[in-house]
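Asks: sequence and predicted structure below; questions after.
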Amino acid sequence: MKTKLPAPVLIGWDDPTTTTGWKTPDEAKSIGPGTMWSLGWLIEDGPEVVRVALDWSEDAEGEFNSIGVLPRGCIRSIEYIKIVRPRKTKREPEAAEE
């Protein structure tokens, strides 16, 4: 039995940043988080965290690999992605060699 396809998503999120070295107050205030993007399979869109996986296996277990856990407060956006699979076409027979 195949498992249900998880939702493919593009997640925008703020990556907390740390820096070293002495900074003036103005320099310190100019440091901000990095804007990151994760593309993957949505595991959980919960109140505390969002879990997304880079890989998903279509076996009976529906296992995930390379899982990211993002704090809800860091999430900027979650966009659901539509997967369009190409239609299968009939192969043209190869021309006979002369």
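Replies: Received it, and whenever you're ready, just let me know what you need.
Asks: name the helix or strand for the spatially most central residue of the chain, please.
Replies: What sits nearest the mean C-alpha location of the chain, by CA atoms, centre = their mean, is Leu39, with 2.4 Å. Element membership for Leu39, per DSSP states H and E: strand 34-45.
Asks: following the chain onward from that strand, which element is next?
Replies: Moving toward the C-terminus from strand 34-45, the first helix or strand encountered (DSSP H and E) is strand 49-56.
Asks: got the angle for that following strand vs strand 34-45?
Replies: Here the directions of strand 49-56 and strand 34-45 differ by 90 degrees (axes from the mean of the first three to the mean of the last three CA atoms, to 10 degrees).
Asks: direction included, what does strand 49-56 pair up with?
Replies: Next to strand 49-56 in the sheet, as set by DSSP bridges, lie strand 34-45 (antiparallel), strand 64-71 (antiparallel).
Asks: export those strands as a markdown table, with columns for mean pLDDT and distance to Trp13.
Replies: Where C-beta positions appear, they are placed from N, C-alpha and C, glycine not excepted. Converted to a markdown table, the strands paired with strand 49-56 look like this (pLDDT from 0 to 100; distance: least, CB to CB, whole Å):
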| stretch | mean pLDDT | distance to Trp13 |
| --- | --- | --- |
| strand 34-45 | 96 | 5 |
| strand 64-71 | 96 | 5 |
